[in-house]
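In: I would like to see how this sequence folds:
(2 chains)
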Amino acid sequence: MFAQGFISGNRLPGNIVISVPGMVMGGSPMLLESDSIELTAKSLPKEGELPGFTGAIGRLALEPPSLETNRVRAGEPVKLSVTVRGEANLLRVIAAPPPTVRDWEIFAGNSNSPSPQMVQARHFFTFDYTLIPLSPELKQTPPIPFSYYDPEDGKYKDLTIPSLPIEVEAGSALVDAPNLIQKSSDHVAPEPEPVLSGLASVAGRTVTRLKPLQRSPWFLWSQFVPAFLLLGVWEWDKRRRYLQQHPNIILRRRARRALRHERKFLRDAVRRRDGPAFASAAVRALRVACAPHYPAEPRALVGSDVLRLLEDERENRAATRVVREVFAADDAGRFANGGEQNGDLLQLEGEFNTVLQTLEARL
Amino acid sequence: MKCGLLLFLSLALNLETRAHAETLFSQGRAAYAAANYQRAAELFRQAAADQPASGTLQNLGNSEWQAGHSGSAILAWEQTLWIDPFNRAARGNLVYSRRAAQVEAPELTWYEVVSTWLPANWWAWLTVLSFWTAVSVAILPLVFRWRKAGWQQAIAALCLTLFLLSLPAQIGINTRAGLGFILERATPFRLTPTRQAQVLARLPAGEPARWIKRRGDDILVRTSRGLGWVRVDQFGLICR
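Out: Residues are numbered from 1 along each chain as shown, chains lettered A, B, ... in the order given. Down below sits the predicted model:
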């Protein structure tokens, strides 16, 4: 026993089961199941394919079709029966699709299909069409394209269902023939078969990698950046409003910064043994340290203003003396000829630093 | 200074990679025109490895199809659509190839279908930008004590709407990232990840499957036939 066949696809998974029809001598019908074998499935050729081909393969013949009646009114249906005989797998024969014809509405009806075993035994298969003539001027039914593939000849064979004469009378019922005709002519053309496209001429849209961004760790972690930015903006605004309500904080901060600056000048003056420069820097430092307490511009402060802040330090008379001497030396250096003796003033450096530290501690 | 140097070096490297990918792309087209499909597929594959691009992957799919590797071709076209869902050629090729190879398209849930409307990375940026814009427009006026305006609320509402609408797509992207295709024809679909495992079925090339987990050289996948194991080299993920 051997098997041969043509199929339209090339996918043959699993075992092949061949059922033996009828009786086998000496026994009852049996089912043979073969081991897996490799089959080569040839594709049907595309060249020479005829209209109305629905996959029928084998040797088929068409019996003369028959109309239910050859006298009908316009708008009334009439059944067309078509019988196909042949040596093919008739179970796979599908009726040809109804064509789109002006003045006709055609529907594929239910096939007159007995059991598959009967079909295979009788070697013929019948299917029906329902035809509705839309115009009383029609004289014959439209031909219905049908074809099959003969594997022995290797060709497609035409099996078009021929036209049959028919007499159409004007219908008594109102038939919206123009609308039906319009619908027939507006029938949507069948979707074109997809084909393989050509090559793309450019690389097109690119990505760094196919993995989605949502699965990239850096993308997820980067979402903290705007969160921190917003949080930073909020904190900055909160701080700004606080400082607006407490301006003395800024004044004191500026004073501390300016005091550090003036200390540099003091150290330079001591290093150079420059008394007048020391006096000048000392006075500026005292003014800067006291300005936030008033508040006032540092340049506007005088010695008494500084001493007023040191009133709590009454027991520290040295601090008062140092402040008076420094202011006096600075005034002398600016307004009088000659000046304070440099050596005496520079000896006050230690005590002056103590006073400055006291004032700085209050900032 | 160091940051600037690093940035310059990375830009230079990026440009060189792009130029190399373009060279391979041109060579691949020439090989395809000469009907040397195997060579064309190799060149396009290298170009896609350097710089994944929709046109490169589309051409890779065409080359693989012409060379008879339907599974690899379907995977390449699906990757094309992953990058560029508007690529009609790749979409048409998938319809054509699935009809020819008689394989089904992967079944997608509704949120996965939504995720196919835009490129995968667009959804990520849309979600992030809309969210932070909505938050910023809502918070900053409070912080700076600006006068409330209708346009601020409109922008916040619009961005919040975009954010909420993009969430299903994010889920779809995440689940679709586990989608892949069988690369070889008649791939054994095994019950267990062992050599002597029972073969449940033979999967055709191009059959869609979802990655569940990996064990050594075997992957547990879910197909329309159920759960089973295939070898890692017989399965291709869309976004590997």
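
In: Contacts only, for residue 148.
Out: No chain was given, so I picked chain A. A:53, A:56-58, A:60, A:86, A:88, A:93, A:156-157, A:159 (CB atoms under 8 Å, 6 or more residues apart in numbering or on different chains). Just so you know, the C-beta spots here come from the backbone N, C-alpha and C atoms, and that holds for glycine as well.

In: my bad, the chain I had in mind was chain B
Out: Residue B:148 sits next to residue B:141 when contact means CB under 8 Å, 6+ apart.

In: ok, it to chain A distance?
Out: Separation of residue B:148 from chain A (CB to the nearest CB, to the nearest Å) stands at 17 Å.

In: Tell me the secondary structure at that residue.
Out: Secondary structure assignment for residue B:148 (DSSP: H, G, I helix; E, B strand; the rest coil): coil.

In: can you list the residues of chain A near chain B?
Out: Proximity of chain A to chain B (CB under 8 Å from any CB of the partner chain) is limited to residues A:9, A:11, A:13-14, A:194-215, A:219, A:223, A:226, A:230, A:233-234, A:237.

In: how about the residue in the stretch 51-200 of chain A that chain B sits nearest to, phi and psi?
Out: With CB to the nearest CB as the measure, residue A:200 is the residue of the stretch 51-200 of chain A nearest to chain B, at 3.4 Å. With angles defined as degrees, to the nearest 10, residue A:200 sits at phi -70, psi 140.

In: ok, now which ones touch it?
Out: B:54-56, B:58-59, B:89.

In: Next one: it from residue B:41, what distance?
Out: Distance of residue A:200 to residue B:41, computed by CB to CB, to the nearest Å: 14 Å.

In: what's the answer for residue A:229, then?
Out: Counting by CB to CB, the gap from residue A:229 to residue B:41 is 47 Å.

In: So these two - more neighbours on which side?
Out: Each of residue A:229 and residue B:41 has its neighbours counted (other CB atoms under 10 Å in any protein chain shown); residue B:41 has more, 26 against 12.

In: on that earlier part again, which one among the contacts of residue A:148 sits at the bottom for pLDDT?
Out: Within those, pLDDT reaches its minimum at residue A:88, with 61.

In: Can you list the buried residues in stretch B:164-178?
Out: For stretch B:164-178, the neighbour count (16 or more other CB atoms under 10 Å in any protein chain shown) marks B:166, B:168-170, B:172-174, B:176-177 as buried.

In: Sorry, wrong one. I was asking about stretch B:202-210.
Out: Under the neighbour-count rule (16+ other CB under 10 Å), stretch B:202-210 has B:203-210 buried.

In: show me where chain A has strands.
Out: Using DSSP state E, the strands of chain A run over residues A:17-19, A:31-33, A:53-62, A:66-67, A:71-73, A:78-88, A:104-108, A:124-133, A:147-150, A:155-158, A:167-169.

In: Residue B:104 is nearest to which of those?
Out: Nearest to residue B:104, of all those, is strand A:53-62, at 20.1 Å by CB to CB.

In: what's next to the closest one, contact-wise?
Out: The contact list for strand A:53-62 (CB under 8 Å, 6+ apart) reads A:6, A:8, A:44, A:82-89, A:92-97, A:146-152, A:156-157, A:159, A:161.

In: thought residue B:140 was touching residue B:146?
Out: Yes. Using CB atoms under 8 Å, residue B:140 is in contact with residue B:146, at 7.4 Å.

In: Out of those two, name the residue with the larger neighbour count.
Out: Per other CB under 10 Å, whichever of residue B:140 and residue B:146 has more neighbours is residue B:140, with 15 against 10.

In: show me the contacts for that one.
Out: Residue B:140 makes contacts with A:230, A:233, B:146, as judged by CB under 8 Å, 6+ apart.

In: Within the helices and strands, which one has it?
Out: helix B:120-144 (DSSP states H and E).

In: What segments of chain A are helices?
Out: Ranges of helices in chain A, per DSSP state H, are A:116-122, A:177-185, A:217-221, A:224-245, A:247-272, A:275-290, A:303-309, A:317-335, A:342-347, A:349-361.

In: okay, the ones you listed, which one's buried deepest?
Out: A comparison of the helices of chain A by mean neighbour count, using mean count of other CB atoms under 10 Å in any protein chain shown, puts helix A:275-290 on top with a mean of 24.

In: Tabulate the CA atom coordinates of it in CSV.
Out: Listed next in CSV are the C-alpha coordinates belonging to helix A:275-290 (Å, rounded to 0.1, in the frame of the first residue of the first chain):
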residue,chain,number,x,y,z
GLY,A,275,50.6,100.3,63.3
PRO,A,276,48.4,102.6,61.3
ALA,A,277,47.2,99.7,59.1
PHE,A,278,46.6,97.7,62.1
ALA,A,279,44.5,100.5,63.7
SER,A,280,42.6,100.9,60.5
ALA,A,281,41.8,97.3,60.1
ALA,A,282,41.0,96.9,63.8
VAL,A,283,38.4,99.8,63.6
ARG,A,284,36.8,98.3,60.5
ALA,A,285,36.6,94.9,62.2
LEU,A,286,35.0,96.4,65.3
ARG,A,287,32.4,98.2,63.2
VAL,A,288,31.6,95.2,61.1
ALA,A,289,31.2,93.0,64.3
CYS,A,290,28.9,95.6,65.9
